Every structure is written in structure tokens, then in C-alpha cells.
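1. have a look; sequence and predicted model below, questions after that.
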Amino acid sequence: MGLVQRAVEAAGISTITLSPCWEYTRSAGVPRIAAIEHRFGRTMGRVGDAERQSEVLRATLDALMVIERPGDVVHLPFRWKRTPANAKRRKLEPPPIVGYLARRPWKLASFVRGDIPEPEET
């Protein structure tokens with residue numbers, strides 16, 4: 001991302017990266033960073049939460065206006081809130097290949113060699 005941003009910046013267009021891991025993002029050499037305390041994959045907020053997503057977008061654009069030096073970071077005031085439903089451990093469903101190999105353990109060696117089976121008909 002940093003390479004693309006530097007090219008866009010060279011054309012005279014300001015850019016900013018919204019990142020939940022700003023230290024890592026900074027190491028890529030991006031010009032500006034808006035740091036946010038949200039989960040990976042949910043940087044803008046929860047799915048369907050248009051109000052929060054709009055707030056994050058506005059705050060990110062505001063940060064773009066105040067950052068003066070390349071490499072500067074603005075920490076946005078958002079925190080990921082855990083709901084009681086999110087706080088409980090959820091049982092993770094294994095990927096389909098696990099079930100396939102459990103039913104056909106003799107296929108494991110060919111799978112490891114890169115012979116990926118075709119999806120099963122349901």
C-alpha cells in the first residue's frame with residue numbers, strides 16, 4: 001500500500017491509511033496514518049453499522065487535514081466494544097477440507113502434495 005500511496009502523493013493527491021496496527025503500517029512507509037482500535041477485518045466498524053462507519057470515515061478524512069509531516073499518526077477516538085454475545089467464546093466451525101479429510105484420511109498425502117479435491121456436490 002505504501003508504494004501506491006507514494007505514487008499517488010507524487011501526483012499531488014493526499015492519501016491516508018486507516019489502520020488497526022499503525023506500527024506495522026508505518027513501517028511500510030505510508031504518508032499518513034489514522035490509527036483505530038478496531039478488530040482486524042472490521043476497521044470501519046461492525047457489518048451493517050452505517051452510522052459508526054460514517055463516523056470513522058469522517059474522522060479519517062479530518063485526520064488527513066491535520067497531519068502535517070509524512071509518517072505522522074493520528075489516533076482516532078474509537079474503541080471496539082465487546083457485546084455480551086461477542087464476549088462468549090464461539091465454537092469455530094472447521095473449514096470444509098477438515099471434514100473431507102476426516103471422511104477420507106487416505107487422501108491426506110495427496111492433499112499435502114497439492115492435489116486439491118474438487119468440491120463435493122451437496
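-> Nice, thanks for sending it over. Residues are numbered from 1 along each chain as shown.

2. ok, the residue of the chain positioned farthest from its centre - contacts?
-> No residue in the chain sits farther from the centre than residue 106, which is 36.6 Å out by C-alpha atoms, centre = their mean. Listed by C-beta atoms under 8 Å, 6 or more residues apart in numbering, the contact set of residue 106 is empty. Heads up, the C-betas are built off the backbone N, CA and C, glycines and all.

3. could you measure from it over to residue 112?
-> Distance, residue 106 to residue 112, using C-beta to C-beta, to the nearest Å: 12 Å.

4. now swap in residue 93 and tell me
-> Residue 93 is 22 Å from residue 112, by C-beta to C-beta.

5. one more: residue 102?
-> The spacing between residue 102 and residue 112, counted by C-beta to C-beta, is 15 Å.

6. again, but for residue 4
-> Distance, residue 4 to residue 112, using C-beta to C-beta: 36 Å.

7. which residues of this structure fall in helices?
-> Here the chain has its helices, by DSSP state H, at 2-10, 22-27, 50-66, 84-87, 96-103, 108-112.

8. quick one: closest of those helices to residue 74.
-> helix 50-66 (3.9 Å; C-beta to C-beta).

9. what's that closest one in contact with?
-> For helix 50-66, the external contacting residues (C-beta under 8 Å, 6+ apart) are 14-16, 18, 32, 34, 36, 38, 43-46, 74, 76-78.
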